[in-house]
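A.B. asks: Model the following, please.
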Amino acid sequence: MTVEERLVEVRHRIEAAEREAGRTPGSTTLVAVSKTFDADAIRPVIAAGQRIFGENRVQESQAKWPELKAETPGIQLHLIGPLQSNKAADAVALFDVIETVDREKIARALAEEMTRQARHPKLYVQVNIGMEPQKAGIEPKQTVAFVDFCRRELELEIEGLMCIPPAEGNPGPYFALLAKLADECGLQKLSMGMSGDFEIAIGMGATSVRVGSAIFGHR
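C.D. replies: Numbers count the residues shown, from 1 in each chain. Predicted structure coming up:
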């Protein structure tokens, strides 16, 4: 299959999952994860109508996305990988959505840069939903307090929560927990689900899914 055909197939699968869950058609945003792919690999996906993309690394994104954004109006770029505080300025300048606010130091750095640059990307708090030591994110039991800290002390508008469940086992309970935490925080947006489990995530209320290999192929 071509990348364009894979994109169409993923969109059809999203629509089918929405119908099965009794969701409003089009209520799930597709974030096409283009990390490690160069501009020439991304252009056919843009040409096929995709406008929302996810990247893991600030430096890699700086090498390709300014040109791609200049070529095509309306691109929305999400940072879905870990952010270091020394890259906060670059992240605020380039990304439209930062999904990996995962500790106080990063939240403070982003607040300072957003004020300095007068640019306000949308923010998600990343939750380490499986409490895995190798993964970034706030612990589930600390999520409500951290969101409250970001809002009250730093005056950051947090749009939603994001998670990456453990690779093994059923992701459903982890998605359900993220939905519960979002409800406790008064948040409407849930970024959860990837190529292997996005249909389950849609059934659990995901408002955006991050799909890479099912569109671009394996890296």
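A.B. asks: Every contact and neighbour count from this point should use C-alpha atoms.
C.D. replies: Fine.
A.B. asks: what's the burial count for residue 142?
C.D. replies: Neighbours of residue 142 under the rule other CA atoms under 10 Å: 11.
A.B. asks: helix, strand or coil for it?
C.D. replies: helix (DSSP: H, G, I helix; E, B strand; the rest coil).
A.B. asks: cool, and residue 22?
C.D. replies: coil.
A.B. asks: Could you list which residues are in contact with it?
C.D. replies: The contact partners of residue 22, by CA atoms under 8 Å, 6 or more residues apart in numbering, come to none.
A.B. asks: Which pLDDT value goes with it?
C.D. replies: Listed pLDDT for residue 22 reads 98.
A.B. asks: same check, this time on the one 10 residues further on
C.D. replies: Reported pLDDT at residue 32 in the predicted model: 98.
A.B. asks: Touching, it and residue 210? I think so.
C.D. replies: Yes: contact criterion CA atoms under 8 Å: residue 32 and residue 210 qualify, at 6.1 Å.
A.B. asks: and for the two, which residues touch both?
C.D. replies: Joint contacts of residue 32 and residue 210 (CA under 8 Å, 6+ apart) are residue 54.
A.B. asks: When these two are compared, which one has more neighbours?
C.D. replies: For residue 32 versus residue 210, the count of surrounding residues by other CA under 10 Å is larger for residue 32: 29 against 24.
A.B. asks: which residues pair with the more buried one across the strands?
C.D. replies: residue 53, residue 211 (DSSP bridges).
A.B. asks: Cheers, nothing more for now.
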